[in-house]
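1. Would you be able to build a 3D model of this:
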Amino acid sequence: MNLVQLERIVFIANVGSITEAAKQLYISQSALSQMVNAVETEIGTPIFDRRVKPLRLTKSGECYVTMARYIINVHSTMLNEIANIRGGSSGEVRVGRVFLLRAYERNNAALCEEVNHL
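-> Predicted coordinates:
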């Protein structure tokens, strides 16, 4: 999965509809659905309960979206820090992706419990 997929799935979760999210993103509904299906295949579990309207996140989906928001935030922070370095506003950047994610997982273990059992 990549950052665009993370951002789009978070957007779908916020909007509550793949069709409405596709309209707002100016992409086809089928392309967005295919992307969601590809991510769900990759992680091995559904992200959304499609039987209800508006869409609801599954337990795995709750974990996915929570972690996706975290990753998007870390990515944004990293880009800001690098911009500050390039502009002379800061002196050092350390990105400990694995350590940050593991610390986050420890603090949110209950939310990610279902995914960890897969």
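2. Okay, strands next: where are they in the protein?
-> With DSSP state E, the ranges of strands along the chain come out as 48-49, 56-57.
3. Looking at the ones you listed, which is nearest to Thr66?
-> strand 56-57 (9.4 Å; CB to CB). All C-beta spots, glycine's among them, are computed from the backbone N, C-alpha and C.
4. so what strands line up beside that closest one?
-> With DSSP bridges as the test, strand 56-57 is paired with strand 48-49 (antiparallel).
5. got the contact list for the partner strand?
-> The contact list for strand 48-49, computed with CB atoms under 8 Å, 6 or more residues apart in numbering, reads Ile12, Ala13, Ile18, Val36, Leu55, Arg56, Leu57, Thr58, Gly61.
6. Out of the residues you listed, give me the one that has the most neighbours.
-> Within those, neighbour counts (other CB atoms under 10 Å) peak at Ile12, which reaches 27 neighbours.
7. Find the residue closest to that residue in space, skipping its chain neighbours.
-> Spatially, and ignoring its direct neighbours in sequence, Ile12 is nearest to Ala21 (4.4 Å; CB to CB, 6 or more residues apart in numbering).
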